[in-house]
Structures are given as structure tokens and as C-alpha cells.
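Peer 1: just need the structure, nothing else, for what follows:
(one chain, ligands or ions: 5)
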Amino acid sequence: MRLGRWRCIGMRFLFLTLIAFACFESGTPVNGGWELSGHLALEEEEQCTVDRRANLTYAEFIHQYAFSRPVILQRLTNNSLFQDLCSKEKLLAEFGDFRIRLSTANTYSYQKVDLSFQEYVEQLLEPQDPKSLGNDTLYFFGDNNFTEWGGLFQHYSPPPFRLLGTKAAYSFGIAGVGSGVPFHWHGPGYSEVIFGRKRWFLYPPEKRPDFHPNKTTLTWLRDTYPALPITERPLQCTVQAGEVLYFPDRWWHATLNLDTSVFISTFLG
Ligand SMILES: *[C@@H]1O[C@H](CO)[C@@H](O)[C@H](O)[C@H]1NC(C)=O
Ligand SMILES: *[C@@H]1O[C@H](CO)[C@@H](O)[C@H](O)[C@H]1NC(C)=O
Ligand SMILES: *[C@@H]1O[C@H](CO)[C@@H](O)[C@H](O)[C@H]1NC(C)=O
Ligand SMILES: *[C@@H]1O[C@H](CO)[C@@H](O)[C@H](O)[C@H]1NC(C)=O
Ligand SMILES: *[C@@H]1O[C@H](CO)[C@@H](O)[C@H](O)[C@H]1NC(C)=O
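Peer 2: Ligands and ions are numbered 1, 2, ... in the order given. Now for the predicted structure:
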């Protein structure tokens, strides 16, 4: 059953890619040239339970969210130039030969693997195999070389709302359809989607979710999530390109990339 469903997704995915090539051969490609999942393949949540706020002031952010709950911020910064530089074609041309460091996609990322950015994009950036474990799945997020990639990151405008006594640090990544990181927590920060869509699941610090640290978010969503009583469900929402999610200190969170996604986090350490 599962296998059949995934083959079908693969075909839809191919079909969409062909449409994308047919329609945008001479213009801007959809999703920066990064493959889409096809909307039927991975569904968004039924209802977003995270606040979405446009034009939020710094005072409102501090009083309503910074120390108490997550929020999705819209129109906070204009990263259209950065987005343009993150198209598949431009990143491959600029950074294809550089080596990047991948981490396994489990809760306590144990293993690291180095390979060229081009090898990653061409060989590993595939839809998540639903049968794979997180500790067997390689994920490109963080461990960035800021010397080599500095010319790109200088064009990123981070969220302007800072927390007193913290310093901002970037983590940049690109990951395939259905990939993600299972539940974990750390300090506060932001995650902006540049291309694609990223679904988030969040619990407050005192509510440790039930999860296996070596299983993927996709497996958790399929096996654990449906049996959760409504009151035990996480806060959740799908962050679209150009939106920024803020997560407060020590909130548990898991992520699922609904499309091939390009994303950047600003950690407030
Ligand atoms: C946010 O501000 C923009 C202009 O800066 C305005 O067009 C828009 O209506 C505002 N949105 C809300 C929800 O207030
Ligand atoms: C964002 O900036 C670009 C230039 O980098 C500009 O063309 C575009 O109109 C801006 N978009 C918004 C919504 O302000
Ligand atoms: C991944 O995790 C599973 C379950 O925790 C374990 O049985 C397996 O040996 C691990 N695989 C690798 C490659 O470490
Ligand atoms: C998860 O996998 C790692 C290695 O990949 C292994 O060392 C660890 O014991 C596993 N954890 C659990 C809870 O099975
Ligand atoms: C980052 O790249 C520079 C230039 O290629 C290299 O000298 C340096 O060792 C790299 N840093 C790390 C941490 O890999």
C-alpha cells in the first residue's frame, strides 16, 4: 500500500516537474527550480494553530510571544533578492564545487558526512523514503562554512526583533520532499522558508511529546500523530516561502518539508 502510494507520488512529482520546465523554460522557474511535492503528496495540516501576524511591532512581539508562544511573522523583511540567489541554478553555479557537511536527521544528530554541494543536490536531495530511519537519512542544515558562503549570507536580512543579551547565528539548509527533523529543543530563534513549504509541530517545554529519536517526522506523522487525542496534539502550521516562524526558548519542535525546501534559521544564543 505505502509503496504504491509513493510510486504514485513520484509520478505526480515528475509530472509537475515537466510542467514546470514546459511553462517556465525561459522565465523564472517555479520554486526556484527546486522540485515540488505536488499538493496531493503531503498535505498541510487541517488547521493552523500558530498565530500568523503581519505588521507586528517589536513591543507586541515581546509582550505577546517572545517568552510564551510561537508566532509566524509575515512581511517582516524583504528577502526577494536572497531568494533569487537561492534558485537551484544559481546555487549550483556558485557553490557546486564546495564541500558541505550533512548530519543524520535524528534527534541527537550523531553522524556527519562531507561531500560536494553538487553531489548532494544531484544524488541525495530526493523525497524521503518512508521506510528509512532518521539516523540513516542525511540532511543539509547548519554546519555552514561562512567563509565560502559569506557572499550569499550577506544578502540575507534576518528578522529584526532581537532578545536582550543574545547573539544571532545562522544555519542554512536545503532538504527534500518529506524530509525533516524529529522532535528536539534548544534556545529561541527564527526559521524562514526561502523556497518550498515547511510544516511545524510544536509543544511547550513542559509537554515532552511521545516520539522515537531515530524515527523520521514522516513516520511520527503516520504512526503516532493520528492516535493523539485532540488535547495532546501539538501546535502546528505550515510556513510558506517568505514567512518566518519564531520559536521560544526550549519549545519542543519537529519539522516536515512538504516540498524541496530552502530555509535559514537565525538562532538567538
Ligand atoms: C500591513 O501593512 C501594509 C503596508 O505596510 C498594509 O498594506 C497591510 O494592509 C497591513 N496589514 C495588516 C494586516 O494590517
Ligand atoms: C522587495 O525588494 C525588491 C528589490 O530587492 C523589490 O523589487 C520589491 O518590490 C520588494 N517587495 C516588497 C513587497 O516590498
Ligand atoms: C538507527 O536506529 C535504530 C533504532 O534506534 C537502530 O536499530 C539502528 O542500528 C540505527 N542505525 C544506524 C545506522 O545507526
Ligand atoms: C539511535 O541511533 C544511534 C546511532 O545511529 C544509536 O547510537 C542510538 O542508540 C539509537 N537510539 C535509540 C534510542 O535507539
Ligand atoms: C571554510 O572554507 C575555507 C575556504 O575554503 C577553508 O579554508 C576552511 O577550512 C573552511 N572551514 C571549515 C570549518 O571547514
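
Peer 1: flag every residue of the stretch 1-150 of the chain that's near ligand 4.
Peer 2: Residues of the stretch 1-150 of the chain found near ligand 4 (Cβ under 6 Å from any ligand atom) are Asn106, Tyr110, Asn135. C-beta coordinates here come from the backbone N, C-alpha and C atoms, glycine included.

Peer 1: dump those to a markdown table, plus pLDDT and distance to Gln236.
Peer 2: Formatted as a markdown table, those follow (pLDDT from 0 to 100; distance: Cβ to Cβ, whole Å):
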| residue | pLDDT | distance to Gln236 |
| --- | --- | --- |
| Asn106 | 94 | 21 |
| Tyr110 | 83 | 27 |
| Asn135 | 93 | 24 |
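
Peer 1: quick one, which of the residues you listed are buried?
Peer 2: Using 16 or more other Cβ atoms under 10 Å as the burial test, those include Asn106, Asn135 as buried.

Peer 1: what does this structure put close to ligand 5?
Peer 2: Contacts of the chain with ligand 5, taken as Cβ under 6 Å from any ligand atom, map to Asn145, Thr147, Glu148.

Peer 1: redo that, cut-off 8 Å
Peer 2: Phe98, Arg99, Arg101, Asn145, Phe146, Thr147, Glu148 (Cβ under 8 Å from any ligand atom).

Peer 1: keep only those of those that are in strands.
Peer 2: Using DSSP state E, Arg99, Arg101 are the members of the residues of the chain next to ligand 5 that sit in strands.

Peer 1: so where's the stretch 1-150 of the chain uncertain?
Peer 2: 1-27, 38-45 (pLDDT under 70).

Peer 1: residue of it nearest ligand 3, please.
Peer 2: Closest residue of the stretch 1-150 of the chain to ligand 3, Cβ to the nearest ligand atom: Asn135 (3.8 Å).

Peer 1: sec struct for the residue of the stretch 101-250 of the chain found nearest ligand 4, please.
Peer 2: As assessed by Cβ to the nearest ligand atom, ligand 4 sits closest to Asn135 within the stretch 101-250 of the chain, at 3.4 Å. Following DSSP: H, G, I helix; E, B strand; the rest coil, Asn135 is assigned to helix.

Peer 1: you'd agree it is up against Tyr108?
Peer 2: No. With contact defined as Cβ atoms under 8 Å, Asn135 does not count as touching Tyr108 (9.0 Å).
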